[in-house]
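Asks: Here's my sequence, what's the structure:
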Amino acid sequence: MNRSFFYVPLISFMVLVVIFLFEFDRIIDGEGPTKLESVLVGQTVPEFRLEDLAEPGKLYDQSIFKGKPLLLNVWATWCPTCYSEHTFLNTLAVDGVKIIGLNYKDERLKAMNWLNSLGNPYLITLFDGNGMLGLDLGVYGAPETFMIDANGIIRYRHVGDVNDQNWNSTLKPMYEKLLAETAS
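Replies: Residues are numbered from 1 along each chain as shown. This is a model prediction of the structure:
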């Protein structure tokens, strides 16, 4: 039997360990799964025409993202993390944070029932039943949240739930800076 064959599995295992440790280090440093780079950061929200969730036939386009900084929150009723995030979004809305919802690949009736029973933190809720705007935004799944400035330019993308920790450490300072820039 060839002795070098014995080392192939060992070397393969060691390579996998090194890759795992590198990725784990990236997660610890905040560059892991909640920090996905987006080619759209620094660009305007893609063009779209979508219906309002509660009012079929009422259409919106990208002009709703102009005038004031806001968050675009991608959510769905099939998403358990969206459920846990929802209470915090309601708190942000009460505190005056402007949020537009993008109901992503969902059923309209389920989504309307969700907002009626859990509260509605959104100024506007766009219905993206086929997921095309989500696709244009590069959405991997829900929840994802985009920070958008008063000119409709995407400034940041957050993957995963918005919670007290990431709001206060990352998102809130960005949001407040955008508000200050708009007031100047």
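
Asks: From now on I want contacts and neighbour counts done on CA atoms only, so please keep to that.
Replies: Fine.

Asks: so what's the residue minimising distance to the centre of the chain bridging to?
Replies: Nearest residue to the geometric centre of the chain (C-alpha atoms, centre = their mean): Glu144, 1.5 Å. For Glu144, the beta-bridge partners are Val74, Val159 (DSSP bridges).

Asks: okay but it is in contact with Cys79, surely?
Replies: No: the pair Glu144 / Cys79 is not scored as a contact, 11.1 Å apart, by C-alpha atoms under 8 Å.

Asks: any shared contact partners between those two?
Replies: Shared contacts of Glu144 and Cys79 (C-alpha atoms under 8 Å, 6 or more residues apart in numbering): none.

Asks: Going by secondary structure, the nearest residue to Leu171 once chain neighbours are set aside is in what exactly?
Replies: Leaving aside its sequence neighbours, Leu171 sits nearest to Met147 (C-alpha to C-alpha, 6 or more residues apart in numbering; 7.9 Å). Per DSSP states H and E: Met147 is located in strand 144-148.

Asks: so what's the residue nearest to Leu171 up against?
Replies: Met147 is in contact with 69-72, 154-157, 171, 175, counting by C-alpha under 8 Å, 6+ apart.

Asks: if we take these, which one ends up nearest to Val45?
Replies: Among the contacts of Met147, Ile154 lies closest to Val45 (C-alpha to C-alpha), at 6.3 Å.

Asks: which residues sit in contact with the closest residue to that closest one other than its chain neighbours?
Replies: Leaving aside its sequence neighbours, Ile154 sits nearest to Ile148 (C-alpha to C-alpha, 6+ apart; 4.5 Å). Residues counted as contacts of Ile148 (C-alpha under 8 Å, 6+ apart) are 65, 69-72, 154-156.

Asks: repeat that with 6 Å
Replies: Neighbour list for Ile148: 69-70, 154-155 [criterion: C-alpha atoms under 6 Å, 6 or more residues apart in numbering].

Asks: Strands - which of those land there?
Replies: Counted as lying in strands by DSSP state E, out of the contacts of Ile148, are 70, 154-155.

Asks: for Glu51, which residues make a bridge with it?
Replies: Leu59, Phe127.

Asks: That one reaches Asp61, doesn't it?
Replies: No: counting by C-alpha atoms under 6 Å, Glu51 sits too far from Asp61 to count as a contact (9.0 Å).

Asks: Between those two, tell me which one has more neighbours.
Replies: Shown here are Glu51 and Asp61; by other C-alpha atoms under 10 Å, Glu51 has more neighbours (17 against 14).
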